[in-house]
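Undergrad: could you work out the structure for the sequence below:
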Amino acid sequence: MTYAQEASGGLGRPTAHADEDRPPDLVTALARARSAEDPGPDTPAGPAVRAWPGPSRPIPEPGPGELDLRALLRLSLAASDRSGRLRPAPSAGALHPVDTELVVGAGCPLPPGRYGYDPLRHRVHRLGREPDGTPPGATVELSVTPRRTVSHYGHRAWPLILLDTGHAAAALWLAARALGTCAARLRLDGLAESPLAEVHFDLPERTDQVRPRDGTRWTDPCLGSGAPTPGALLARRSAPPPLTGTPSRDVLRAVLATAVQASAGELSWCAAVGEPQPELVELAPDGTLRRLAAGEARPTLAVWAARQAWIADAGAVLLAYGCPADADAPRIRRAHLRAGFAVHLAQVAAVRHGPAARPVGSWQQADLGAALGTPPGRDWIVHGLALGTTHPDEEKTS
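TA: Alright, predicted model coming up:
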């Protein structure tokens, strides 16, 4: 599953750097990613999975009252084949930079300890004992190997890497919702460079509040939409363009409401629509749609989204915006993690209502606020979701 690829004239072809897997100065990296500068030539992406030490082992079936780790990971992060390209969580260029470690406590089919997860083989490697104070259940820690994304997107990679991590967190959270036997609690605060995000799974039927080891509180979006089915999660794919046909106002309202709630106030949201009247719409406090701006925005969005011409004809484009130019590194991480999380949930919500959907992660010079007449540098597009009611056969999706 991929985000929309950068189109002709904007293909990502980065220059290799020996330190490409070290966390960058995010403020500088984001400013450069938002610029009009084109990336350089492609470089090798390296292994698709971190080389975890030691032998691998299967994830056992859960016993009575145990957490079903095998099903949770199968529905969220496991690849459907050994190539690793098709996975339940979307990724820019299908490069999947997100790595997964499990901190397993009591009540799980695996013995307590720390494990590295191999999504290509759906197996784990034991890395050591669990930290003191590990709660019952399991915590999934999401870190990244930047080289995989840098290999194609170059200096545009870091926003995409953060968005990918948010998508992976959403896939884990949705897996818990689909199984309906455990609660998933999130850490998307952007305070840590590694792991970037965590998802804790309580034991089945356990409802008490769990705190992560650093003392911060977990959050739960508590979205009002019904739980997806396991089959629907395994069938997730980003629909290929073209995505034409404007979704109904009711569908737009439902998808925007999902995104707004999932982003927990971190970002603002609107949708650019075409027929019957081109405009930007947003969710009003009473839950209805209201006009944010009149006029056709999609051709401009196509230019801003790495010159992907097909976006100009998309039925609608959902936009997450905010993260000002003066944002510090924690805020940059938090905004992009939340954007990936929210767009993933919005994509699932859109498909449940009928339209096809495709995340759009790469944006250059996309100062939406300045285009709408507000002070520049305050409201940059962070992520997008293209929607359409007329689309190719789902079997051709990637």
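Undergrad: only C-alpha atoms for contact and neighbour calcs from this point on.
TA: Fine.
Undergrad: in the stretch 151-300 of the chain, which spans are helices?
TA: Using DSSP state H, counting those that start in this stretch, the helices of the stretch 151-300 of the chain run over 157-179, 230-234, 249-262, 298-304.
Undergrad: which residues are in contact with the closest residue to His344 other than its chain neighbours?
TA: Of all residues not flanking His344 in the chain, His167 sits nearest, at 5.5 Å (CA to CA, 6 or more residues apart in numbering). Taking CA atoms under 8 Å, 6 or more residues apart in numbering, we find His167 in contact with 89-91, 337, 340-344.
Undergrad: about what we covered before: most tightly packed of the helices of the stretch 151-300 of the chain?
TA: helix 157-179 (a mean of 26; mean count of other CA atoms under 10 Å).
Undergrad: so His200 makes contact with Arg185?
TA: Yes: contact criterion CA atoms under 8 Å: His200 and Arg185 qualify, at 5.1 Å.
Undergrad: common neighbours of these two, please.
TA: The contact sets of His200 and Arg185 do not overlap (CA under 8 Å, 6+ apart).
Undergrad: ok but Arg74 is inside a helix, no?
TA: Yes: counting by DSSP: H, G, I helix; E, B strand; the rest coil, Arg74 falls inside a helix.
Undergrad: separation between the residue nearest to His344 and Pro359?
TA: Applying CA to CA, to the nearest Å, the value for His167 to Pro359 is 10 Å.
Undergrad: what residues are shared contacts of those two?
TA: Common contact partners of His167 and Pro359 (CA under 8 Å, 6+ apart): 343-344.
Undergrad: report the contact partners of the residue of the chain most remote from its centre.
TA: Relative to the centre of the chain, the most outlying C-alpha is that of Pro64, 32.4 Å out, by CA atoms, centre = their mean. If a contact means CA under 8 Å, 6+ apart, then Pro64 has no contacts.
Undergrad: leaving out chain neighbours, which residue sits closest to Ala305?
TA: Nearest residue to Ala305, sequence neighbours excluded (CA to CA, 6+ apart): Trp363, at 4.5 Å.
Undergrad: quick check, that neighbour in contact with Ala36.
TA: No: the criterion here is CA under 8 Å, and Trp363 misses it with Ala36 at 9.5 Å.
Undergrad: need the residue closest to the centroid of this structure.
TA: Note: the chain centre (CA atoms, centre = their mean) maps to His167, 2.0 Å.
Undergrad: what distance do you get for that residue to Gln364?
TA: 21 Å.
Undergrad: name the element Arg338 belongs to?
TA: helix 329-353 (DSSP states H and E).
Undergrad: also Thr100?
TA: strand 98-104.
Undergrad: any idea which helix or strand comes after that strand?
TA: According to DSSP H and E, the helix or strand after strand 98-104 is strand 113-118.
Undergrad: dump that following strand to PDB, restricted to CA.
TA: Coordinates of each C-alpha in strand 113-118 appear next as PDB, following Å, rounded to 0.1, in the frame of the first residue of the first chain:
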ATOM      1  CA  GLY A 113      10.500  -9.500  27.700                       C
ATOM      2  CA  ARG A 114      11.500  -7.200  24.800                       C
ATOM      3  CA  TYR A 115      11.100  -8.500  21.200                       C
ATOM      4  CA  GLY A 116      11.800  -7.300  17.700                       C
ATOM      5  CA  TYR A 117       9.000  -7.900  15.200                       C
ATOM      6  CA  ASP A 118       9.600  -9.100  11.700                       C
END
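Undergrad: now do it, average pLDDT.
TA: Averaged over strand 113-118, pLDDT sits at 98.
Undergrad: report pLDDT for Ser80.
TA: Ser80 carries a pLDDT value of 85.
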